[in-house]
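Colleague: Here is my input; please provide its structure:
(one chain, ligands or ions: 1)
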Amino acid sequence: MSTVPTLPVHCYRNAEVTIKPVEGIEKSKRLAAWTAVDNHVLPEHKIIGIGSGSTVPYVVERILAQGRAVNKNRVFIPTGFQSKQLIVEAHLTLGDVSQYPVLDVTIDGADEVDRSLNAIKGGGACQLQEKVLAEAATTWVMVADYRKNSEILGANWKQGIPIEVVPFAYAGVLNHLHHIGSPNAALRMAKMKAGPVVSDNANFIIDAPFPESQMKEPAKLLTQLKLITGIVEVGLFCNMAKAAYFGNEDGTVTVKWEGGRVDQVSAKSEA
Ligand SMILES: O=C[C@H](O)[C@H](O)[C@H](O)COP(=O)(O)O
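Modeller: Presented below is the predicted three-dimensional model:
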């Protein structure tokens, strides 16, 4: 059995980042992120994709811990505004996927991952750029806490599939979704702004819950959704991941691999 990394006993300072102890669900996110970085972000990797969400800051934290010497020769590609900020604030070199269309590795979060490594993504409305970087990456890996580890998509993530749509077409797309199995599909509304959430690409987001019968075959549903005019991208990521890492409450990490293998790795000591 392999082991997950332990936190340093002292605070580690690199660039502007200080590693602080965290508790509860944050601990699980950190365990997953650190283990994935240790396994997949190797010294020879020079072009690295940084995903979005609340787990990804721990990815950047662990990459920084690899040291200035290795990071000064790397370029980091973001999946949206949030990860761009993370890269800039960490004083890492920022790049663009149009400059670097092939990435060595991308590590990203997930809203839910099934037994075959299909995933729902887009809880933060970033799925379009995330999918571009996932496809561009030689290795694409997801990191999440145990709540995201599922057998069938939709079992835990009840909000529905995040779907990015061209604003002009949203009403027609909604109508279409209502007729193909998602009667409760709805435009995602902003919390601190009147009106809808607007993505980093100036589009709207629809959240479309589908019944289990359709969620059981995510690749089929994805194909169906991609054919609807006005849909820019769908937050279903099928057959793309090399592995998914889930930090558990007991300090272990579950690793689901492409092909079906599942590993349970234990911590050396308290994280
Ligand atoms: O649009 C957001 C992304 O797909 C995130 O990676 C996803 O929502 C997971 O985020 P978190 O790590 O906060 O659970």
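
Colleague: ok, and the closest non-adjacent residue to the closest residue to the ligand within the chain?
Modeller: Nearest to the ligand, among the residues of the chain, is Gly53, at 2.5 Å (CB to the nearest ligand atom). The C-beta positions use only the backbone N, C-alpha and C, and glycine is treated the same way. Excluding its sequence neighbours, the residue lying closest to Gly53 (CB to CB, 6 or more residues apart in numbering) is Gly109, at 3.4 Å.

Colleague: Ok, Asn73 next?
Modeller: The nearest residue in space to Asn73 (CB to CB, 6+ apart) is Lys46, at 6.2 Å.

Colleague: pretty sure the one you found contacts Asp104?
Modeller: Yes: under the criterion of CB atoms under 8 Å, Lys46 makes contact with Asp104 at 6.3 Å.

Colleague: out of those two, which sits in the busier spot?
Modeller: Set Lys46 next to Asp104 and count neighbours by other CB atoms under 10 Å: Asp104 wins out with 19 against 12.

Colleague: if we can go back for a sec, the residue nearest to Gly53 contacts Val143, doesn't it?
Modeller: Yes: counting by CB under 8 Å, Gly109 does reach Val143; the two are 6.2 Å apart.

Colleague: Between these two, tell me which one has more neighbours.
Modeller: Val143 (31 against 28).

Colleague: List the contacts of that one.
Modeller: 29, 32-33, 36, 55-56, 58-59, 107-110, 244-245 (CB atoms under 8 Å, 6 or more residues apart in numbering).

Colleague: Top of those residues by number of neighbours, please.
Modeller: That'd be Ala32 among these, by other CB under 10 Å, with 33 neighbours.

Colleague: Show me which residues of the stretch 151-271 of the chain are close to the ligand?
Modeller: For the stretch 151-271 of the chain, the contact set with the ligand under CB under 6 Å from any ligand atom is empty.

Colleague: Now do the same for His178: helix, strand or coil?
Modeller: helix (DSSP: H, G, I helix; E, B strand; the rest coil).

Colleague: Pretty sure it sits against Gly172.
Modeller: No: contact between His178 and Gly172 fails when scored by CB under 8 Å: they sit 10.8 Å apart.

Colleague: how many other residues sit next to His91?
Modeller: Count around His91 with other CB under 10 Å applied: 15.

Colleague: what residue ranges in the stretch 151-271 of the chain score low on pLDDT?
Modeller: 267-271 (pLDDT under 70).
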